[in-house]
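Novice: okay, predicted coordinates and the sequence, questions at the end:
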Amino acid sequence: MWERVGATPGLTVYLAELEGEPVGTASMMLMPHITYDCRPSAFVEAVVVAYAHRRQGVATLLVRQALEDAREASCFKIQLLSHKRHADDGAHRLYRSLGFTPEAEGFRLYLNE
């Protein structure tokens, strides 16, 4: 799986470690556009922090790094997907504190095999 991930153009996986142990992760995909003056969009997903390390700034560091990288890539916008169930656990509050605004209605279709 890591070979496939590493070979995916435009995909960055962020890993937070503490004493050599993984404690958090996030993924960002850059998508080129023919609109937005041909500037790419960034999509952030899978921001996950190990339970024992939550509320210690791990997710903040991961998302800030993604924001910095999106700016360096001259992205027009960055979108972050977060499930509705995280509205009350602090995740949505964190994203707002970093400048994200909830402004779009999202849809998902899970394709089960």
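Specialist: Perfect, I can see it now.
Novice: for this protein, which helix is longest?
Specialist: Longest among the helix segments of the chain by residue count, using DSSP state H, is helix 58-72.
Novice: now it: buried residues?
Specialist: For helix 58-72, burial by neighbour count (16 or more other CB atoms under 10 Å) applies to Val58, Ala59, Leu62, Val63, Ala66, Leu67, Asp69, Ala70. (Glycine included, C-beta is placed from N, CA and C.)
Novice: also stretch 41-54?
Specialist: Of the residues in stretch 41-54, those buried under the neighbour-count criterion (16+ other CB under 10 Å) are Ser41, Ala42, Phe43, Val44, Val47, Val48, Val49, His53, Arg54.
Novice: which pair of these spans the longest distance?
Specialist: Looking at the buried residues of stretch 41-54 by CB to CB, the two members farthest from one another are Ser41 and His53, with 29.5 Å of separation.
Novice: show residues contacting the longest helix of the chain.
Specialist: Among residues not part of helix 58-72, those counted as contacts by CB atoms under 8 Å, 6 or more residues apart in numbering are 12, 14, 16, 23-26, 28, 30, 42, 44, 47, 49, 78, 80, 91, 94-95, 98-99.
Novice: drop anything exposed from the residues you listed.
Specialist: Burial of the contacts of helix 58-72 was assessed by neighbour count (16+ other CB under 10 Å); the buried members are 12, 14, 16, 23-26, 28, 30, 42, 44, 47, 49, 78, 80, 91, 94-95.
Novice: that'll do, ta.
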